[in-house]
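Engineer: Sharing a model prediction with you, sequence too.
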Amino acid sequence: MGFWEVTLSLLEGLKQTCLIFALTLVLALPLGLIISFGSMSKFKPLAYITKVFVWIIRGVPLMLQVIIVFYVPGFIFGTPLFSRFGSVIAAFVINYACYFSEIYRGGIESISRGQYEAGQVLGMTKSQIFFKIVLMQVVKRILPPMSNEIITLVKDTALARVIMVVEIIQAAQEFAAYGLMWPLFYTAVFYLIFVGLLSLLFGFFEKKLGYYKT
Amino acid sequence: MNEKDADRNWTGFESEFAIEVGKILGMEVKFQEIIWEQKYNELNSGAIDCIWNGFTANAYDNGVKRSELVDFSYGYMLNQQCIVVKKDNLASYVDEASLAGKKACVEGGSAGASYAEEVTDKDKIVKASAQINAFTEVKSGAVDFIVVDILLAQNICGKGDYTDLAIVNAIELESEIYAIGFKKGSDLTAKVNDAIKQLEENGTLMNLAKKYGFENVLKITETIE
């Protein structure tokens, strides 16, 4: 079992890791915004329901949520509702959307009233004010906490193996059957490169958005 | 006892056995690895249709007979659990009493787990998610001994990163019967039993066992007690 063979197999696992990461991000970012609107809603019952939902999702370990999404429909209907991979994506998207929603809420509520008033004075509509004035400033403010959460997501993908979705850690674990342990430690290199690239990207974005600083 | 070949397909006695049974029943066999502790959830949620890999039929899970949790096919193989320790410490393990108070690692939900609870303190037992992870535990010195399948241990001890591990021959554990587990009330059980009988009679099973070196442990038993 050579170095090259192990690397190829880990890259296969990394593909799955990347897929979980990308799909979760693409789906959870907009869903999080919708949930944040729910928890800030002036219609109180909706706000309460959303807050309880966020409490439940953030209060239960993601690992448990993955197990619940995969096994529980099977107990009820006799056959699983989603595939193993589908269950991972469903659980991850809901979980991350809830975390993102709180970051969005923090960002949106940090924008001062004056910004809204300025928009009104200029004769903008409510949605124009939100998308053209508020959201742009929110993006800038939430970038650091978002990058934190997104980096956590990279490593959380390892939880997919509780229902035997073969991501990179599981791919490495399979070499244990050949008496090899080093592939497991070798996966750290892939995570470090992945997170390193993301950190560079976020640093670049922060610089781009820092247009008021000279 | 199954592994993936160079093309990532499953090979091994049980994989080939399953494919042969599938041929008789006109079914395509799909292999799915599972987390062993989740085996009953996998089965009862319909995520898998049977448990077919070194599944000990005459064992208990948390004091409940396994045959009360799942329906078993005929037994097809005899196996034994064994104790694995570091080669350097081999001399200090002479009988069951020498395991008392020692730190152990077992596969969660395995036959070895129940044994470990008898011989050492419950709070000194670490449960791994797969037998294979137990070898890492004992090698790293995190635990003193592990309880694993003898066929697996023979395959691993002294190989690759595990040259410093050895089987304790002085301690012999009870023998076990391997069988295929189905969801309670599954109509597959009887069909698979018929297929096993056919494969036994036409010699296919013995040929497979010889191919993988299991001819001495292959044994079709109609009861699994």
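Structural biologist: Cool, got the structure. Numbers count the residues shown, from 1 in each chain, chains lettered A, B, ... in the order given.
Engineer: So which bits of chain B are right by chain A?
Structural biologist: Those residues of chain B that sit near chain A, judged by CB under 8 Å from any CB of the partner chain, are B:3-4, B:32-35, B:38, B:41-42, B:44-47, B:130, B:132-133, B:135-136, B:139, B:156, B:159-162. Backbone N, C-alpha and C define where each C-beta goes, glycine included.
Engineer: Which ones among those map onto helices?
Structural biologist: Of the residues of chain B next to chain A, the ones assigned to helices by DSSP state H are B:41-42, B:44, B:132-133, B:135-136, B:139, B:156.
Engineer: Would you mind checking these for buried ones?
Structural biologist: B:41-42, B:44, B:132-133, B:135-136, B:139, B:156 (16 or more other CB atoms under 10 Å in any protein chain shown).
Engineer: So B:Lys127 lies in a helix, does it not?
Structural biologist: No - assigned with DSSP: H, G, I helix; E, B strand; the rest coil, B:Lys127 falls outside any helix and is strand.
Engineer: check contacts around it.
Structural biologist: B:37, B:105-109, B:113 (CB atoms under 8 Å, 6 or more residues apart in numbering or on different chains).
Engineer: residue nearest the centroid of the chain?
Structural biologist: This is for chain A. Closest to where the C-alpha atoms of chain A average out (CA atoms, centre = their mean) is A:Tyr96, at 4.3 Å.
Engineer: that answer is for a different chain, and I need it for chain B
Structural biologist: Mean-position check on chain B, CA atoms, centre = their mean. Result B:Gly54 at 3.3 Å.
Engineer: State the three-state secondary structure for that residue.
Structural biologist: B:Gly54 is classified as coil under three-state DSSP.
Engineer: Provide a list of residues in contact with it.
Structural biologist: B:1, B:14, B:79, B:149, B:151-152, B:178.
Engineer: Next one: it relative to chain A, how far apart?
Structural biologist: Distance of B:Gly54 to chain A, computed by CB to the nearest CB, to the nearest Å: 13 Å.
Engineer: cool, B:Val148 as well?
Structural biologist: Distance of B:Val148 to chain A, given as CB to the nearest CB: 12 Å.
Engineer: What strand or helix carries that residue?
Structural biologist: strand B:145-149 (DSSP states H and E).
Engineer: Same check on A:Phe53?
Structural biologist: helix A:44-59.
Engineer: Show me which positions of whichever helix or strand comes after that helix end up buried.
Structural biologist: As assigned by DSSP H and E, the chain's next helix or strand after helix A:44-59 is helix A:62-77. Neighbour-count burial for helix A:62-77 flags A:62-63, A:65-67, A:69-71, A:73-74 (criterion: 16+ other CB under 10 Å).
Engineer: can I see the domain layout of chain B?
Structural biologist: Listed domain ranges for chain B are B:3-78+B:178-221, B:80-167 (source: automatic domain parsing).
Engineer: coming back round to it: for the buried ones among the ones in helices among the residues of chain B next to chain A, please prepare TSV with the additional fields pLDDT and distance to A:Ile168.
Structural biologist: Formatted as TSV, these follow (pLDDT from 0 to 100; distance: CB to CB, whole Å):
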residue	pLDDT	distance to A:Ile168
B:Asn41	93	25
B:Glu42	94	23
B:Asn44	93	30
B:Ile132	87	17
B:Asn133	87	17
B:Phe135	92	21
B:Thr136	87	18
B:Lys139	89	22
B:Ile156	87	23
